[in-house]
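Trainee: Coordinates only, no sequence provided:
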């Protein structure tokens, strides 16, 4: 092959290589965009399903914190003729029972928030 033939072959191949490279670049860009779009839609669908559950968990834990306030707890647990030690045990039992009832909510609540709830429970027990 002469230098002229090699140059002619290169002239024929160059547009095909450039076209192939551009096509590959756009195909890769399109694939990345589609992956991003799919991830976004999956995340959006997931949020649509989990957001109401998460809000309900926060609501339940807010109610729990309200119910374990010493004043509220005292009014709910006190019965006529109850001794001080009986009231003490009843209040502690109520706090622990309600906590155990709501333990599953930690799956839907931020870890730091759950730690605050646990500390509030322990401090309320310490006060009582």
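Mentor: Received it, and whenever you're ready, just let me know what you need. Being a predicted model, the structure only gives us computed values, none of them experimental. Numbering: from 1, shown residues only.
Trainee: List the contacts of the residue most central in space within the chain.
Mentor: In the chain, the residue lying closest to the centroid (Cα atoms, centre = their mean) is residue 108, at 6.2 Å. Residues in contact with residue 108, defined by Cβ atoms under 8 Å, 6 or more residues apart in numbering, are 50, 53-54, 56-58. All C-beta spots, glycine's among them, are computed from the backbone N, C-alpha and C.
Trainee: Show me which of the residues you listed has the smallest pLDDT value.
Mentor: On pLDDT alone, residue 50 ranks lowest of these, at 83.
Trainee: That one: how many residues sit nearby?
Mentor: For residue 50, the number of neighbouring residues by other Cβ atoms under 10 Å comes to 12.
Trainee: Work out for me the element it sits within.
Mentor: helix 3-67 (DSSP states H and E).
Trainee: picking up where we left off before, dihedrals phi and psi, the residue nearest to the centre of the chain?
Mentor: For residue 108, the backbone dihedrals are phi -100, psi 0 (criterion: degrees, to the nearest 10).
Trainee: which secondary structure elements does the helix or strand containing residue 99 contact?
Mentor: According to DSSP H and E, residue 99 maps onto helix 84-102. For helix 84-102, the packing partners by 3 or more Cβ pairs under 8 Å, 6 or more residues apart in numbering; DSSP states H and E come out as helix 3-67, helix 70-77, helix 111-127.
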